[in-house]
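In: need a 3D model of the sequence below.
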Amino acid sequence: SEQQEQTVNITIEEILEDCQNVGSELGGEKMFTPSESYLAVDKIIDAARRTNADAIHPGYGFLSENAEFATRCADAGITFIGPPASAINHMGDKANAKALLTEKSKSVPLIPGYGGGDQSVARLLSEGGKIGFPVLVKAAAGGGGRGMRVVNRMEDLEEAIVGAQREAQSAFGSPVLLMEKYFSSSKHVEIQIFGDTHGNVSHVLERECSVQRRHQKVIEETPCPLMTPDLRKKMTTAAEEIGRIIGYVGAGTVEFLVDCSGQGMPDSFYFLEVNTRLQVEHPITEEVTGLDLVECMLHVAQGGTLLECGITHAAERGHQGHAIECRVCAEDPSADFAPACGTILRWKPSDIPGLRYDSGVHSGATISVFYDSMIAKVITHADTREAAIQLMNAALQSTQILGIRSNQRFLQQEALVDLALLEELLNGRLVSARKVLDHEAYLDGSITTQFIGNNAKFFQDLNAVVDARSRDEALDVALAWDWAKTQAGRTLLKHAPSAFRSGPRYRKPHRIFRLDGTDNPVTVEYMAQQSAPNAVTGVMQAWTDGAEAHSVEVLGFHPEEASAGSGEIEVTINGVRQRYGVAEVSGPGAGALWVHLRSAGSGFLVHRVPKLGTGADAADAASDYSAPMPARVLRVLVASGDSVTEGQPLLSIESMKMESVIKARAAGTVKVLVKEGQLVEAAAPLVVIE
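Out: Residues are numbered from 1 along each chain as shown. I've put the predicted structure just below:
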């Protein structure tokens, strides 16, 4: 009701007045690292005390799986909305978790591996050989793909161990590793569990999380397409047993690996780990059950039961429809998913009814090097899997994310491809990648965790392709935007026709553009006629590189008041009417604009090329050894004056939880231009080799 809505608004305003900042200095230039802000236990406890808070919900990152934080909350008389510290301790270390389950359970299946106390490189090399290749090396104390390596040969194992130890120490404060047999064809299926303070533990169905890159989830869905009633019963029973063994309270997730190497439907599974927190992908469980899992966590933390908050009933009732979540991330799929830091110039979710967006970004938000690359989670829910996929495609196509590179186009075209279709695509038997989503082979749900990695080169090439139709559409929109903006800004001779000349005309008015990722500029000639004097609307005839003329009609120009360089333009191109989002680049790279094409499902960066050229020399190009992204220099492995060989590691950098090693492309003498711990911008020179 209106009365209730007013009450909610007042409550939110009151809460905001009491918010305590533990991150960046508001209005200032300093940006705190996670260890100085969201991982700073003292700051968070102090913020709770100053606001008289009696409970803390840790979210699904940072301190949510930190037993010390849970203990500190209890010591301060503050309720930690999550499991007890003992449960976090039991499951926070993967090696300890496997040891506990080996002792306490005879029914939970475990992956063969090693997690002993001797963590010397020599011992790990020996154990890796015993397990047999391929072997998975991963951090015992963490998750999210950090400190994780798949090794196929003994010759590569030592480098993987040392790298994983270093990354695990940096990310989780512990270099301890776990080694396991790696399955080359498997699914990642997890079970949501819930426990209360009365000893009750229940599952809340499963989630399929097999579409991954760099061991990090990209797309999740529920129910799992290949789940049989028998397998679901076995897995949920095992998950509930684990919850009871560790005395679990609140929301948690038991992750399993499902072996798909055999014939027919998979029926064997192995325990991976327990995430002692609310998962990023929890919204899809909420969609198919009608539950609010955070509300259930609050209820349980106050002593309520699973029956009272609806958990027990949801488990018995089962799935109500099908839900899918896509993680939209600031990364470049055509460059092995390299992080893409920067500023979001325009953010506008789709206006399609029934969609759910979980996001904290806005137009003007900065994606920094310190945090995860995820921009938003897009969630769809429908009666069937096919309908949920179609709705997701429409949502991603119409979401405007301009200013940075993202995996938006990749999610629509590639990640939902079935392996059986790759040969058809490569042989040209399918007209476009988008048709894959309508193919019955995808609908059988047979994608495994190895899908993206096994076909990385194919995906990179497919993402890099810009078809002629999308190119021409992007150039037409850029032309229309520039023309309308010029008309809106005219102060003299506003009554004169567009492109009026008092002298002889030797060629038509024209613009020169270059689509990002291409080398060749494109000339677009045009003739325009305003619809009325002083109007920003009108009709143009445009010729792209001398091709046949086509019609571009500007029907509306809608720049945003807060940012004159961003907005929407309504255009009819060859009879098709659409509203396009546009954002202009300022600062470095000025002279370009981003255009969102719904037909292509992503933004395109269009560069304006000066008609007389820039005079830039090839020598001014960025060094071959420049930072591929904004990053922090982790280690400098050579010194100025050292002689290096081709392939020798020079330094390592970190951005968005991903470590990258810069290696020499040729032998020579090195000059180091950076130091360890230094923050560098994209394209900043790192080293020079002469």
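In: for the strand of greatest length in the chain, name the packing helices and strands.
Out: In the chain, assigned by DSSP state E, the strand with the most residues is strand 201-213. Helices and strands touching strand 201-213, as assessed by 3 or more Cβ pairs under 8 Å, 6 or more residues apart in numbering; DSSP states H and E, comprise strand 186-195, strand 216-222, helix 229-245, helix 282-289, helix 311-317, helix 451-454. C-beta: built from backbone N, CA, C; applies to glycine.
In: any chance of those in JSON lines, plus mean neighbour count, distance to residue 608 and mean pLDDT?
Out: Shown next, in JSON lines, are those (neighbours: other Cβ atoms under 10 Å; distance: least, Cβ to Cβ, whole Å; pLDDT from 0 to 100):
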{"stretch": "strand 186-195", "mean neighbour count": "25", "distance to residue 608": "45", "mean pLDDT": "96"}
{"stretch": "strand 216-222", "mean neighbour count": "24", "distance to residue 608": "34", "mean pLDDT": "92"}
{"stretch": "helix 229-245", "mean neighbour count": "18", "distance to residue 608": "56", "mean pLDDT": "96"}
{"stretch": "helix 282-289", "mean neighbour count": "23", "distance to residue 608": "40", "mean pLDDT": "98"}
{"stretch": "helix 311-317", "mean neighbour count": "18", "distance to residue 608": "55", "mean pLDDT": "95"}
{"stretch": "helix 451-454", "mean neighbour count": "18", "distance to residue 608": "35", "mean pLDDT": "70"}
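In: and these: which comes nearest residue 685?
Out: Closest approach to residue 685 among the helices and strands packed on strand 201-213 (Cβ to Cβ): strand 216-222, 29.7 Å.
In: got the angle for that closest one vs strand 186-195?
Out: On the basis of axes from the mean of the first three to the mean of the last three Cα atoms, to 10 degrees, strand 216-222 is oriented at 70 degrees to strand 186-195.
In: show the contacting residues for the spatially most central residue of the chain.
Out: Compute the mean C-alpha point of the chain, and by Cα atoms, centre = their mean the closest residue is residue 329, 2.6 Å away. Applying Cβ atoms under 8 Å, 6 or more residues apart in numbering to residue 329 gives the contacts 218, 337, 372, 373, 374, 375, 406, 407.
In: wait, which of those residues is closest to residue 92?
Out: Of all those, the one with the least separation from residue 92 (Cβ to Cβ) is residue 372, at 19.5 Å.
In: isn't there a strand covering the closest one?
Out: No: under the criterion used here (DSSP: H, G, I helix; E, B strand; the rest coil), residue 372 is coil, not part of a strand.
In: per-residue confidence for it?
Out: Residue 372 is assigned 81 on the pLDDT scale.
In: do the same with the one 3 residues further on
Out: You'll see residue 375 listed with a pLDDT of 95.
In: near the residue nearest to residue 537 when sequence neighbours are not counted, how many residues? Count them for me, please.
Out: Once flanking residues are discounted, residue 537 sits nearest to residue 531: 4.6 Å by Cβ to Cβ, 6 or more residues apart in numbering. When neighbours are defined as other Cβ atoms under 10 Å, residue 531 has 12 of them.
In: distance of the spatially closest residue to residue 318 that is not a sequence neighbour from residue 306?
Out: The spatial neighbour of residue 318 that comes closest, neighbours along the chain excluded (Cβ to Cβ, 6+ apart), is residue 205 at 7.0 Å. Noted for residue 205: a distance of 14 Å to residue 306, by Cβ to Cβ, to the nearest Å.
In: kindly report the same for residue 187.
Out: Distance of residue 187 to residue 306, given as Cβ to Cβ: 28 Å.
In: can you check residue 570 too?
Out: Counting by Cβ to Cβ, the gap from residue 570 to residue 306 is 52 Å.
In: same deal with residue 683?
Out: Counting by Cβ to Cβ, the gap from residue 683 to residue 306 is 53 Å.
In: more neighbours: the two, which one.
Out: Neighbour tally, residue 683 and residue 306, criterion other Cβ under 10 Å: the higher count belongs to residue 306, 22 against 14.
In: residues in contact with the more buried one?
Out: By Cβ under 8 Å, 6+ apart, the contact set of residue 306 is 194, 195, 196, 200, 202, 300, 312.
In: go again with 7 Å.
Out: Neighbour list for residue 306: 194, 196, 200, 202, 312 [criterion: Cβ atoms under 7 Å, 6 or more residues apart in numbering].
In: just residue 523 next, same as before
Out: By Cβ under 7 Å, 6+ apart, the residues touching residue 523 are 510, 512, 545.
In: hmm, back to that, quick one: which of the contacts of residue 329 is nearest residue 38?
Out: Nearest member of the contacts of residue 329 to residue 38, counting by Cβ to Cβ, is residue 372, at 11.6 Å.
In: where does that closest one fall, phi/psi-wise?
Out: Main-chain dihedrals, residue 372, degrees, to the nearest 10: phi -60, psi 150.
In: so how far is residue 60 from it?
Out: Using Cβ to Cβ, one obtains 11 Å as the distance from residue 372 to residue 60.
In: also residue 219?
Out: Using Cβ to Cβ, residue 219 is found at 17 Å from residue 60.
In: residue 553 too?
Out: Applying Cβ to Cβ, the value for residue 553 to residue 60 is 48 Å.
In: using TSV, lay out the contacts of residue 306 together with distance to residue 50.
Out: Converted to TSV, the contacts of residue 306 look like this (distance: Cβ to Cβ, whole Å):
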residue	distance to residue 50
194	32
196	31
200	35
202	37
312	38
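In: ok, the closest residue to residue 187 other than its chain neighbours - contacts?
Out: Nearest residue to residue 187 in three dimensions, chain neighbours excluded: residue 258, at 4.1 Å (Cβ to Cβ, 6+ apart). Residue 258 is in contact with 186, 187, 189, 266, 269, counting by Cβ under 7 Å, 6+ apart.
In: so, low pLDDT: which residues of the protein?
Out: By pLDDT under 70, the low-scoring segments of the chain are 1-33, 142-145, 262-265, 413-445, 454-466, 490-507, 561-564, 587-590, 612-624, 656-657.
In: which residues of the stretch 301-450 of the chain fall in helices?
Out: Listed in chain order, the helices of the stretch 301-450 of the chain (DSSP state H, counting those that start in this stretch) span 306-309, 311-317, 385-397, 408-413, 422-426, 440-443.
In: of these, which stretch is the most buried?
Out: Comparing the helices of the stretch 301-450 of the chain by mean neighbour count (mean count of other Cβ atoms under 10 Å), helix 408-413 comes out on top with a mean of 24.
In: from the middle of its chain, how far away would it be?
Out: 12 Å (Cα atoms, centre = their mean, to the nearest Å).
In: check which helices and strands that helix sits against.
Out: With contacts defined as 3 or more Cβ pairs under 7 Å, 6 or more residues apart in numbering; DSSP states H and E, helix 408-413 has these neighbours: strand 322-329, helix 385-397, helix 456-464.
In: would you format the ones you listed as CSV with distance to residue 660 included?
Out: Compiled in CSV, these are given as follows (distance: least, Cβ to Cβ, whole Å):
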stretch, distance to residue 660
strand 322-329, 16
helix 385-397, 27
helix 456-464, 15
